[in-house]
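> Just a sequence and a predicted model for now, questions to come.
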Amino acid sequence: MRGAALATLAAVVAGGALAGCGGRSGDGPTADSTFVTALVDLHLADARAALDSTAADPDAFGDSLRRRALAIHGLDSAALAARFDALARDPALAEATYEAVDRRLALERQGLTPDTLSPP
């Protein structure tokens, strides 16, 4: 399923917004950078699979890329689902995670990655 991880995260964030989260106080929660990186890698794996026209079985190719991206981060589909469940219980953290993933993907589109950025 293409983009399932980000679609799930977006649904969690939207659900939190619909639940009527109050205004933010303080800085709010901080997204887990390791999980953000895993979600970015999943998104990029889905994009690669969608754009690769040479794969004999595009669905199997996409699934393989997703499993590999999860494994690199020490996750499997059950662990990913558990992380999404935790985000569903904390809408502010889900929103922070979504925003962090969105920022990282914007950097990727510009050809920048965290390891290529200079410190401030």
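Nice, I can see it.
> so where's this structure uncertain?
Scanning the chain for pLDDT under 70 picks out the ranges 1-26, 114-120.
> okay, which residue is most central for it?
residue 39 (2.6 Å; C-alpha atoms, centre = their mean).
> Look up phi and psi at the residue of the chain most remote from its centre.
Seen from the C-alpha centroid of the chain, the residue lying at the greatest distance (C-alpha atoms, centre = their mean) is residue 56, 26.8 Å away. Main-chain torsions, residue 56, degrees, to the nearest 10: phi -60, psi -40.
> and the gap between it and residue 79?
Going from residue 56 to residue 79 by C-beta to C-beta, to the nearest Å gives 29 Å. The C-beta positions use only the backbone N, C-alpha and C, and glycine is treated the same way.
> Contact partners for residue 99?
If you count contacts by C-beta atoms under 8 Å, 6 or more residues apart in numbering, residue 99 has them with residue 31.
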